[in-house]
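# coordinates only, no sequence provided:
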């Protein structure tokens, strides 16, 4: 499809990449957007981008609205609305300083709410609430 559309030179397939290559990739981009058709239950790629300080432009479905509400690291567009999607992308591409600020905000928000420490504390809270307490 890319070749038929004359866009083959605008696409680069990286294949399977290791952690260092992934970090290099995130350092090389100014924003990440994956207009996922299906509702993503986790959005791991978005979490990785935010951890690297890269702002995201994502559809307003699946895990993305909750993720961006918690981190503030990007913009949502109405799923299936090409005009809204292009507008969201253009806004950040035209204002690199705003994009950089969103990336910093997203990283800080992610570190404040989504680390292994936070996951362990939440698991402890849930287990404590549902498991009977031991009495001496």
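The structure has been received and is ready for your questions. Quantities reported herein were computed from a predicted structural model and do not represent experimental measurements. Residues are numbered from 1 along each chain as shown.
# lowest-pLDDT helix or strand in this structure?
Confidence across the helices and strands of the chain bottoms out at helix 116-130, with a mean of 91, counting by mean pLDDT, DSSP states H and E.
# which residue comes closest to the residue nearest to the spatial centre of the chain once chain neighbours are left out?
Most central residue of the chain, judged by C-alpha distance to the mean C-alpha position with C-alpha atoms, centre = their mean, is residue 46 at 1.9 Å. Using C-beta to C-beta, 6 or more residues apart in numbering and skipping residues adjacent in sequence, the residue nearest residue 46 is residue 56, 5.1 Å away. C-beta coordinates here come from the backbone N, C-alpha and C atoms, glycine included.
# check contacts around that neighbour.
31-33, 46, 49-50, 68, 73-75, 106 (C-beta atoms under 8 Å, 6 or more residues apart in numbering).
# any chance of those in a markdown table, plus pLDDT, secondary structure and distance to residue 1?
Listed next are those as a markdown table, based on pLDDT from 0 to 100; DSSP: H, G, I helix; E, B strand; the rest coil; distance: C-beta to C-beta, whole Å:
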| residue | pLDDT | secondary structure | distance to residue 1 |
| --- | --- | --- | --- |
| 31 | 96 | coil | 23 |
| 32 | 96 | strand | 21 |
| 33 | 95 | strand | 18 |
| 46 | 95 | helix | 24 |
| 49 | 96 | helix | 25 |
| 50 | 96 | helix | 29 |
| 68 | 95 | helix | 29 |
| 73 | 94 | coil | 30 |
| 74 | 95 | strand | 27 |
| 75 | 96 | strand | 26 |
| 106 | 96 | helix | 31 |
